[in-house]
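1. Quick one: sequence and predicted model below, then my questions.
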Amino acid sequence: MSIQVEIVPHGDRAIRITRTFQAPCTVVFDAMTTVDMALTWFHGATGWTLVLCEIDLRVGGTYRWVWRHADGREMGMGGMYKEVVRPERLVTTEKFDQAWYPGEAVGTMVLTEVGGTTLMTLTVEYESPTVRDGVLAMEMGDGMEVGYRRLDQFLLQR
């Protein structure tokens, strides 16, 4: 299991993101789905800060996140919870305010715990192979890893 984020193609329209966390899956799940916890660590790449976090964690509930960069730019996204199985599975829709890819994506996050360590497997499916390939070309792994390192630090304090 990799501690660094790994992003690979999956099928013809999806990507698979994996990352290991040194904490039980209940703690990782809560850190990712509780407003107060997310506001502590979920800031993204360097220079960005999560300034709005709304989570209605139930099937049919919605979420909304807005990040602000140090230079004043904002990036927002949101979606709906299609499936919630605490602490091991979330299925959500995803759409950015300033869409950098067309359409809506569907993400399936599975948390698997082995001996107090949690493997996160996030599969994100896009509307076409072209969209998926465009997302892969963005090389978003470094920015994600910065955020996940913040999560590591947050989890150490729990």
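-> Received, thanks. No experiment lies behind these values; they were computed from the predicted model shown.
2. Report the distance from the longest strand along the chain to the chain centre.
-> If you go by DSSP state E, the chain has its longest strand at strand 74-85. Remark: strand 74-85 is offset 9 Å from the chain centroid, using CA atoms, centre = their mean, to the nearest Å.
3. and if you look at stretch 5-13?
-> Relative to its chain's centre, stretch 5-13 lies at 14 Å (CA atoms, centre = their mean).
4. again, but for stretch 17-31
-> Stretch 17-31 has its C-alpha centroid displaced from the chain centroid by 11 Å (CA atoms, centre = their mean).
5. Which strands or helices does the next helix or strand after the longest strand of the chain pack on?
-> Going down the chain from strand 74-85, the next helix or strand is strand 89-96, by DSSP states H and E. Applying 3 or more CB pairs under 8 Å, 6 or more residues apart in numbering; DSSP states H and E, one finds that strand 89-96 contacts helix 25-33, strand 74-85, strand 105-114. Bear in mind the C-beta positions are built from the backbone N, C-alpha and C, glycine included.
6. switch the cut-off to 6 Å
-> Judged by 3 or more CB pairs under 6 Å, 6 or more residues apart in numbering; DSSP states H and E, strand 89-96 is in contact with strand 74-85, strand 105-114.
7. Could you pull up the mean pLDDT of the following helix or strand past the last one?
-> Scanning the chain past strand 105-114 towards its C-terminal end, the next helix or strand to appear is strand 117-125 (assignment: DSSP H and E). For strand 117-125, mean pLDDT is 97.
8. Mind listing what's buried along strand 117-125?
-> 117-120, 122-125 (16 or more other CB atoms under 10 Å).
9. cool, stretch 93-112 as well?
-> In stretch 93-112, counting by 16+ other CB under 10 Å, buried: 94, 101, 105-111.
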